[in-house]
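**Q** sequence and predicted structure below; questions after.
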Amino acid sequence: MVIYRADALLGPSIKEEAGPRETMNSTETAHLETEYKEVKQQDTSFDTFIQKVLSYNPHADVELIRKAFNLAQDAHKGQLRESGEAYFIHPYSVALILMDLKADSASLCAALLHDIVEDSGISLDQVRKGFGEEITILVDGVTKIMGIQYETKEEYKAENLRKILLATAKDIRVILIKLADRLHNMRTIKYFRDDKQRRIAQETLDIYAPIAHKLGIRFIKGELEDLSLKVLEPEAYKQLRGRIAEKRAEREKKTAEFIRIIKDRLKEHNIEAEIEGRAKYFYSIYQKMKKEGKGFNEIFDLIAIRIIVKTLPECYAALGIVHELYKPIPRRFKDYISVPKANGYQSLHTSVVGDHGKIIEIQIRTHDMHLIAEEGIAAHWRYKGTEKDSRFDRKISWLKQLLEWKMDSASANEFVETLKIDLFENEIVVFTPKGDPISLPEGSTTVDFAYAVHSNVGDHCSKAEINGKIAPLDHRLKSGDIISITMQKNAKPARGWLGFVKTSKARSKIKAALNIKMDDKPGPEEDEPPTNLAELVQLPGKHKQLKLSKCCSPAYSVPILAFTTSEGKLTIHRKDCPNIHSLDTTKAMAASWKPQAEQDGIKLRVTVNDRVGMLADILEVISSSKINIQSVYTRTKKGRVTITFRMHVPDGIDFNAIIVKIRALKDVVDVRK
């Protein structure tokens, strides 16, 4: 992600930074009023620390935590941070952040000890002898790689990130400790030199804030984003602070009025509810302004309210009452209770117009939903302890799917770049026929769903039903869809699937089944010039609207069949396509490839590693065979170039021999006709 300036959107005036923290009220939270709190010159005694732990966990292992506390103090004695304060302040603060997530004893011990292996003479074996295997695994998970030389600093950082995520797939507490570690480092980032601040802030926006979002930990995500914005766009951040402070009194007055009216009406219907003003994070406001091209007043001149009730039926009852009071805005209602977000978030969202023309954004949820909304997966972990179940595994399925992709073969740098893409993809939630939710990236197809259920389901899927209706395998899914997959023993993945699947897992499994190298290019690019199939395929009668089936991607010379679609178009399948049995045979039509002599407009796609003279080498092979090239189209992606040639091949030319010659050229990755 790249941050762009928003000065023009925010307007010319710049307010001064706010002063010391003011008294908090019910409608604004700390992150909108003052600097994020730095842990400095505070009471770091064990008695103060353990009292905070016991306040939420009376069964905490006090002696084990005391042992970790004392060891961390001793190990870091004499060490100072960039700020000049004692280094022990850092692990102490990381543990405090984890207390906000109600962390267990093992997590707190690991937080206190997370830097001692890197920064003192204490080894993992010593940690294991003193604290056991569970805590050692957590400490090792967040400990940087030591004793191995890497060519670049970027590669070293990438390998460390991959190590953390591998450990996280086994124990989610690893990433919780790392997120707390990053949050405290961001709170004290001003002590680093400017270039290091920007590098850390950008990495936080690219990696750690999105991970916190995926895990549903709202307060960590929001604070990481705001602190990153403050470093990367200080003027935009300063203006947002000023504008928000400027309108606070007026906004609080209107918010209090709306809260009173709604609360009184809910009481009339015997619904007890907590109603509070809902603060917005700076970064979310900033992003919305950029995305919608609106000024600050257009985005922030609204009231945000959250209604928390006791039961699920009361959520919908409260929604009806709100809609009786105020006119709802069409298309602004979202039911995330019936169809939760991929990170487990549940709530009803609606926007209404108040009596004074002000827009009110309202969220309605139960207390349990609110806990999940704020703490995400950490709330689940708190109740389940270290006992995992299938529902918990689904909550981190995105991470496990990512780790399955090129985990062994990909370079660490490539892994991190892929991670950035996957983290920023919007997600949908679809369901199996039994009602089990499956999280997928937006744009996923039925094949992606099949592989998300199980690799074997994907490898042998032959037909799909979506919401009770037969749908093609390349159908794009949407949240709430119920998908049923039919499997056939003789069905197998087709290369054409690579042209439409979205998930890394599906792509890697398809390539493994087809024995394709992991770095081979997928199917045709969407914006390549279309082939005129009517010039290449022999059919009874004249037909202009033809397309190649994406499920089997028939190549020239293989036996084919044509099927009429519901739109009256013709789709060309391989005769041995495993999906043919699911199609209506009455709509089948004999088809064959025209002889080469009749073809005018053969298309050849060549994928190469980019280098000087590559195109000239290919053109030499083609032109020396007396073939007339009609057009050349190129596309570059990640150092690879796909060159599409359209050409007329005269009668008598052995085109297969030309393909062999092109394949023999240096840096040619793939050749397809």
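**A** Structure's in. What do you need? Numbers count the residues shown, from 1 in each chain.
**Q** in stretch 60-75, what's buried?
**A** A60, D61, L64, I65, K67, A68, F69, L71, A72, Q73, A75 (16 or more other C-beta atoms under 10 Å). Every residue, glycine included, has its C-beta placed from N, CA and C.
**Q** and if you look at stretch 124-139?
**A** V127, R128, G130, F131, E134, I135, T136, I137, L138, V139.
**Q** I'd like these as TSV, with pLDDT appended.
**A** Converted to TSV, those look like this (pLDDT from 0 to 100):
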residue	pLDDT
V127	94
R128	94
G130	93
F131	95
E134	93
I135	95
T136	94
I137	93
L138	94
V139	94
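**Q** list just the nearest of those to K603.
**A** I137 (53.9 Å; C-beta to C-beta).
**Q** may I ask which helix or strand encompasses that closest one?
**A** Assigned by DSSP states H and E, I137 belongs to helix 124-142.
**Q** now swap in E252 and tell me
**A** Assessed by DSSP H and E, E252 sits inside helix 248-268.
**Q** can you check L561 too?
**A** strand 560-564.
**Q** which residues in the stretch 401-550 of the chain form strands?
**A** Secondary structure of the stretch 401-550 of the chain (DSSP state E, counting those that start in this stretch): strands at 427-431, 437-441, 461-466, 469-471, 483-487, 537-538, 546-548.
**Q** adding distance to A201, write those out as JSON lines.
**A** Formatted as JSON lines, the strands of the stretch 401-550 of the chain follow (distance: least, C-beta to C-beta, whole Å):
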{"stretch": "strand 427-431", "distance to A201": "25"}
{"stretch": "strand 437-441", "distance to A201": "26"}
{"stretch": "strand 461-466", "distance to A201": "42"}
{"stretch": "strand 469-471", "distance to A201": "44"}
{"stretch": "strand 483-487", "distance to A201": "40"}
{"stretch": "strand 537-538", "distance to A201": "56"}
{"stretch": "strand 546-548", "distance to A201": "47"}
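**Q** can you redo these as TSV with mean pLDDT and mean neighbour count?
**A** What follows is these, written out as TSV (pLDDT from 0 to 100; neighbours: other C-beta atoms under 10 Å):
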stretch	mean pLDDT	mean neighbour count
strand 427-431	83	19
strand 437-441	81	21
strand 461-466	88	21
strand 469-471	86	13
strand 483-487	91	18
strand 537-538	80	16
strand 546-548	78	18
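**Q** hang on, isn't L266 packed against A273?
**A** Yes: counting by C-beta atoms under 8 Å, A273 is a contact partner of L266 at 5.1 Å.
**Q** joint contacts of those two?
**A** Shared contacts of L266 and A273, defined by C-beta atoms under 8 Å, 6 or more residues apart in numbering, comprise I307, A318.
**Q** what angle sits between the one helix or strand A68 maps to and helix 124-142?
**A** Counting by DSSP H and E, the element that carries A68 is helix 62-75. On the basis of axes from the mean of the first three to the mean of the last three C-alpha atoms, to 10 degrees, helix 62-75 is oriented at 90 degrees to helix 124-142.
**Q** next one: helix 62-75 to chain centre, how far?
**A** 37 Å (C-alpha atoms, centre = their mean, to the nearest Å).
**Q** packing partners of the helix or strand just after that helix?
**A** Moving toward the C-terminus from helix 62-75, the next helix or strand (DSSP H and E) is helix 89-99. When contacts are defined as 3 or more C-beta pairs under 8 Å, 6 or more residues apart in numbering; DSSP states H and E, helix 89-99 packs onto helix 46-56, helix 105-113, helix 173-187.
**Q** secondary structure class for E361?
**A** strand (DSSP: H, G, I helix; E, B strand; the rest coil).
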